[in-house]
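1. This is a predicted model, with the sequence first.
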Amino acid sequence: MPDTLNTLREACHFINGVYTVGTSGRTFDDISPVTGRKIGIVHEALKPEVDAAVAAARAALHGPWGKMTQAERSDMLHAVADEINRRFDDFLEAECLDTGKPRSLASHIDIPRGAANFKVFADLVKNVPTESFMLDTPDGTGALNYGVRKPKGVIAVISPWNLPLLLMTWKVGPALASGNTVVVKPSEETPLTTTLLGEVMNAVGVPKGVYNVVHGFGPDSAGAYLTEHPGVDAITFTGETQTGEVITRAAAKGLRQVSMECGGKNAGIVFADCDIDKAVEGTMRSAFANCGQVCFGTERVYVERPIFEEFVARMKAGAEGLKLGAPEAADTTMGPLISNGHKEKVLSYYKLAEEEGATIVTGGGSPDMGELNGGAWVQPTIWTGLTDDARVIREEIFGPCCHIAPFDSEDEVIARANDTKYGLVTAIWTEDLSRAHRVARQIDVGIVWVNSWFLRDLRTAFGGAKASGIGREGGVHGLEFYSELSNVCVKL
Ligand code: NAD
Ligand code: 6OD
């Protein structure tokens with residue numbers, strides 16, 4: 001069993017049940033977004049390491065894992081979840097080291113969901129029926145058709161940095177529950193929890209080669225080598241739309257299936273008949289939780305004119321009440337962005353908003369964080385006054401910011417909410433349920449929340465419309481992606 005502290009300081013690949021530095025000889029630094037200082041090193045995988053990981057995953061399909069019953073596999077995934085919970089504090093430390101997010105956030109969302117993603121899909125897979133049909137035949141005896149689900153094979157999982165454990169296990173959970181094996185390439189910004197999960201897999205006896213991890217970047221590195229690898233049967237990806245396009249092109253070779261969960265420019269729609277306390281609280285979370293780095297974040301908020309001024313004033317007070325700080329400080333409510341590179345991007349949009357004529361309601365720059373000034377800190381920011389064609393309104397920023405605009409009619413706000421190339425989520429705030437249903441079905445997105453935000457039921461379909469993605473995961477939809485359905489036709 002490796003020493004966990006060492007796992008955190010030197011992130012190795014995890015191939016065939018063994019931590020390895022590989023042969024590339026290349027490493028890169030793991031940087032704390034809180035201080036901007038180095039916290040460890042990460043070994044970079046190139047083609048030989050990816051080849052080894054894919055080969056291990058392929059071999060494992062035919063080993064003990066492939067011979068287990070569904071029930072045995074599900075029990076094993078429950079044990080994985082239990083072990084994550086037993087090592088909750090280790091995962092919490094690793095996630096906060098990598099992301100700088102408040103401990104209060106990671107302990108309520110990231111780590112519990114890391115465990116739940118295994119439990120929910122381990123249970124679900126045992127309860128999903130397959131179709132069956134009786135066919136009339138001319139001789140009168142008939143034929144029975146029934147579906148059989150088989151694992152797809154080796155699944156490549158490419159995950160982002162914003163909710164590293166949550167979003168990686170959201171894919172690994174159903175992939176393993178369906179009997180596949182996986183090779184995971186976590187974001188280069190957040191290698192730690194994915195690496196730590198290898199210890200968990202070994203501790204509960206998951207057969208070697210079922211869960212593999214390779215570290216590195218996208219182009220000319222682990223990401224590209226993995227997604228282009230002919231030994232990979234399907235690719236599941238979460239990240240930027242542009243990266244999704246590159247990976248979809250790679251998957252075209254060999255016609256491998258993809259599941260794409262990509263970017264968004266989500267609208268929050270606040271009607272004058274809402275419960276304003278709940279609408280402000282929910283919109284605050286949707287704009288600023290995780291320092292605005294949630295794909296569901298609402299960077300475009302539309303508020304019906306009678307309550308516009310009050311809503312803006314209350315959001316301003318809320319944003320100015322956020323306490324920026326290190327993860328471990330008990331009163332921290334907002335952490336830094338993921339990196340100084342991302343900080344430059346977000347600050348460039350803060351500047352652009354001014355150039356495009358925005359009124360800055362609050363924020364708009366970087367705060368003075370004293371001894372933490374080397375970290376990726378930006379102020380929570382609210383704008384008003386931009387027109388719908390402004391780049392700040394049209395492009396995903398992925399930072400702690402939102403623009404609030406007034407609207408006058410239901411039809412107008414539906415058209416404006418839909419006026420984007422993306423289609424991930426929308427949050428609607430109203431106490432008029434007829435209106436809620438009427439508006440919800442006219443918004444071109446994968447998920448609509450009414451009087452809530454980021455309220456997740458893992459049995460439901462999850463995914464984006466338009467440039468926000470391809471396909472659906474969650475519930476039976478995830479199991480459909482992760483399995484190959486074949487039909488058996490029996491002449492009676
Ligand atoms: P990203 O696209 O830069 O990176 C995601 C992953 O892809 C990383 O592991 C990266 O190394 C890898 N990658 C990059 N180029 C690659 C290539 N050519 N081949 C293979 N792999 C490659 O995204 P990010 O910056 O990590 O995450 C933020 C983005 O993710 C935002 O756009 C956000 O909206 C989106 N996101 C979407 C969802 C969703 O469910 N729809 C969830 C979270 C984040
Ligand atoms: O809750 C989930 O299952 C999920 N995929 C969340 C995505 C959040 C985006 O940042």
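-> That came through, no problem. Ligands and ions are numbered 1, 2, ... in the order given.
2. What about Gly370, how many residues nearby?
-> By other Cβ atoms under 10 Å, the residues close to Gly370 number 6. From N, CA and C alone the C-beta is placed, and that goes for glycine too.
3. quick one, what contacts it?
-> Gly370 sits next to no residue when contact means Cβ atoms under 8 Å, 6 or more residues apart in numbering.
4. any idea how far ligand 1 is from it?
-> 28 Å (Cβ to the nearest ligand atom, to the nearest Å).
5. What about that residue? Give its phi and psi, please.
-> Backbone torsions for Gly370, taken as degrees, to the nearest 10, come to phi 60, psi -120.
6. near ligand 1, which residues of the chain show up?
-> By Cβ under 6 Å from any ligand atom, the residues of the chain that approach ligand 1 are 158-162, 167, 185, 187-188, 217-219, 223-224, 227, 238-240, 243, 246-247, 261-264, 295, 396, 398, 424, 464, 468-469.
7. ok, of those residues, which come out buried?
-> Neighbour-count burial (16 or more other Cβ atoms under 10 Å) is assigned, among the residues of the chain next to ligand 1, to 158-162, 167, 185, 187-188, 218, 223-224, 227, 238-239, 243, 246-247, 261-264, 295, 396, 398, 424, 464, 468-469.
8. Show me what residue of the stretch 151-300 of the chain gets nearest to ligand 1.
-> Gly218 (2.1 Å; Cβ to the nearest ligand atom).
9. From what I see, Leu372 and Thr332 are in contact.
-> No. At 11.2 Å, Leu372 does not count as touching Thr332 under the criterion of Cβ atoms under 8 Å.
10. So which of the buried ones among the residues of the chain next to ligand 1 are in strands?
-> Judged by DSSP state E, strands contain the following of those: 158, 185, 238, 261, 469.
11. In space, what's closest to Tyr146 - neighbours in sequence excluded?
-> Leaving aside its chain neighbours, Tyr146 sits nearest to Ser132 (4.2 Å; criterion: Cβ to Cβ, 6 or more residues apart in numbering).
12. Okay, that neighbour and Gly147: tell me how far apart.
-> To Gly147, Ser132 is 7 Å away according to Cβ to Cβ, to the nearest Å.
13. ok, and of the buried ones among the residues of the chain next to ligand 1, which contact ligand 2?
-> Restricting those to those near ligand 2 by Cβ under 6 Å from any ligand atom leaves 162, 167, 295.
14. Please compute how far the worst-scoring helix or strand of the chain on mean pLDDT lies from its chain's middle.
-> Scoring the helices and strands of the chain by mean pLDDT, DSSP states H and E places helix 4-9 at the bottom, with a mean of 75. The chain centroid and the centroid of helix 4-9 are separated by 24 Å under Cα atoms, centre = their mean, to the nearest Å.
15. check contacts around the nearest residue to Phe454 once chain neighbours are set aside.
-> What sits nearest to Phe454 in space, not counting adjacent residues and going by Cβ to Cβ, 6+ apart, is Phe296, at 5.6 Å. By Cβ under 8 Å, 6+ apart, the contact list for Phe296 reads 264, 266, 286, 424-425, 447, 453-454.
16. One more pass at 7 Å, please.
-> Applying Cβ atoms under 7 Å, 6 or more residues apart in numbering to Phe296 gives the contacts 266, 286, 424-425, 453-454.
17. One more: Gly478?
-> Counting by Cβ under 7 Å, 6+ apart, Gly478 has contacts 121, 174.
18. And the one 10 residues further on, by the same measure?
-> For Val488, the contact set (Cβ under 7 Å, 6+ apart) comprises 146, 148.
19. Quick check, pLDDT for it.
-> pLDDT, Val488: 98.
20. Top of the contacts of Phe296 by number of neighbours, please.
-> Ranking those using other Cβ under 10 Å puts Asn266 first, with 31 neighbours.
21. Test my guess that that one contacts Leu424.
-> Yes. Counting by Cβ atoms under 7 Å, Asn266 touches Leu424, with 5.6 Å between them.
22. Excluding sequence neighbours, find me the nearest residue to the closest residue to ligand 2 within the chain.
-> Taking Cβ to the nearest ligand atom, ligand 2 has its nearest neighbour within the chain at Cys295, 3.4 Å off. Nearest residue to Cys295 in three dimensions, chain neighbours excluded: Gly264, at 5.5 Å (Cβ to Cβ, 6+ apart).
23. Please look at the one you found and Ala467 and confirm they touch.
-> No. The criterion here is Cβ under 7 Å, and Gly264 misses it with Ala467 at 8.7 Å.
24. for this protein, what are the low-confidence residue spans?
-> Scanning the chain for pLDDT under 70 picks out 1-2, 5.
25. ok, 90 please
-> For the chain, the stretches flagged by pLDDT under 90 are 1-9, 128.
26. Tell me the residue in it that is farthest from the middle.
-> Asp139 (53.5 Å; Cα atoms, centre = their mean).
27. A strand includes it, no?
-> No. Assessed with DSSP: H, G, I helix; E, B strand; the rest coil, Asp139 is coil; it does not lie in a strand.
28. Quick one: name the residues of the chain near ligand 2.
-> Contact residues, the chain versus ligand 2 (Cβ under 6 Å from any ligand atom): 162-163, 167, 170, 294-296, 456, 462.
29. So which of those are in helices?
-> Taking DSSP state H as the definition of helices, the residues of the chain next to ligand 2 contribute 167, 170.
30. From Ala279, how far out is Ile307?
-> On the measure of Cβ to Cβ, Ile307 and Ala279 end up 9 Å apart.
31. Compare these two (neighbour count), which wins?
-> Ala279 (26 against 18).
32. Determine the three-state secondary structure at the more buried one.
-> Relying on three-state DSSP, one would call Ala279 helix.
33. Tell me who's in contact with the nearest residue to Ala59 once chain neighbours are set aside.
-> Spatial nearest neighbour of Ala59, excluding adjacent residues (Cβ to Cβ, 6+ apart): Gly209 at 5.5 Å. Contacts for Gly209 (Cβ under 7 Å, 6+ apart) come out as 16-17, 56-57, 59-60, 63, 181.
34. pretty sure Thr426 belongs to a strand, no?
-> Yes. The assignment for Thr426 by three-state DSSP puts it in a strand.
35. State the distance from it to Arg285.
-> 15 Å.
36. quick one: which of these two has more around it?
-> The residue with more neighbours, out of Thr426 and Arg285, is Thr426; 28 against 19, by other Cβ under 10 Å.
37. Tell me the spatial nearest neighbour of the more buried one, not counting adjacent residues.
-> Spatial nearest neighbour of Thr426, excluding adjacent residues (Cβ to Cβ, 6+ apart): Ile443 at 4.6 Å.
38. Next up, phi/psi of the one you found, please.
-> With angles defined as degrees, to the nearest 10, Ile443 sits at phi -90, psi 130.
39. residues touching it, list them.
-> Contacts of Ile443 (Cβ under 7 Å, 6+ apart): 414, 417-418, 426.
40. Looking at those residues, which is nearest Ile39?
-> Thr426 (37.3 Å; Cβ to Cβ).
41. That closest one against Gly264, yeah?
-> No. Counting by Cβ under 7 Å, Thr426 does not reach Gly264; the two are 9.7 Å apart.
42. Correct me if wrong: Arg9 contacts Gly40.
-> Yes. The criterion here is Cβ under 7 Å, and Arg9 meets it with Gly40 at 4.2 Å.
43. More neighbours: these two, which one.
-> Of the pair Arg9 and Gly40, Gly40 is the one with more neighbours under other Cβ under 10 Å, namely 20 against 14.
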